[in-house]
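Colleague: could you look at this predicted model? Sequence included:
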Amino acid sequence: VQLQASGGGLVQPGGSLRLSCVASGINLDDFAMGWFREDPGKDREGVACISKSDGAIIYSKSATGRFTITRDKTKNTVYLQMNNLKPEDTAVYYCATEVATYCSGIGLDWGQGTLVTVSS
């Protein structure tokens with residue numbers, strides 16, 4: 001199982017980024033998929049998740065209204081569109097399969113992470 005996250009970078013406050021998570025060795029459609037982020041000195045935070053079982057989507061409070069998680073079956077890829085980025089969104093973002101078919105907030109297989117820096 002390999003999850004390859006990409007799309008991070010440096011962006012100004014108010015800007016947008018789209019993160020991608022491409023899978024090999026598994027069919028992402030068989031899993032609930034989550035995006036998590038980790039900033040030094042803070043706990044890892046789940047920001048968005050899309051379940052397998054019913055396609056339900058959950059966002060963290062900080063992500064609600066600004067982030068959108070989507071799944072492209074044809075590309076075996078999960079995306080995280082992030083708009084109106086804020087300096088507090090700065091973190092390493094990881095995609096992960098979840099341990100359950102619903103959004104449990106517990107990652108099973110993890111990608112390598114992509115750094116998002118929001119700064120002027």
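Modeller: That came in fine, so what should we check first?
Colleague: going forward, measure contacts and count neighbours with C-alpha atoms only.
Modeller: Will do.
Colleague: show me the strands in the protein, by range?
Modeller: For the chain, the strands defined by DSSP state E occupy 2-6, 9-11, 17-24, 33-38, 45-50, 57-59, 67-72, 77-82, 91-98, 107-110, 114-118.
Colleague: can I get the ones you listed in a markdown table with mean pLDDT and mean neighbour count?
Modeller: As requested, the strands of the chain are exported to a markdown table (pLDDT from 0 to 100; neighbours: other C-alpha atoms under 10 Å):
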| stretch | mean pLDDT | mean neighbour count |
| --- | --- | --- |
| strand 2-6 | 94 | 21 |
| strand 9-11 | 97 | 15 |
| strand 17-24 | 96 | 20 |
| strand 33-38 | 96 | 26 |
| strand 45-50 | 96 | 24 |
| strand 57-59 | 94 | 19 |
| strand 67-72 | 95 | 18 |
| strand 77-82 | 97 | 21 |
| strand 91-98 | 95 | 26 |
| strand 107-110 | 91 | 16 |
| strand 114-118 | 97 | 21 |
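Colleague: just want the most central residue of this structure.
Modeller: For the chain, the residue nearest the mean C-alpha position is residue 35 (2.4 Å; C-alpha atoms, centre = their mean).
Colleague: contacting residues for it?
Modeller: With contact taken as C-alpha atoms under 8 Å, 6 or more residues apart in numbering, residue 35 is in contact with 46, 47, 48, 49, 80, 93, 94, 95, 96.
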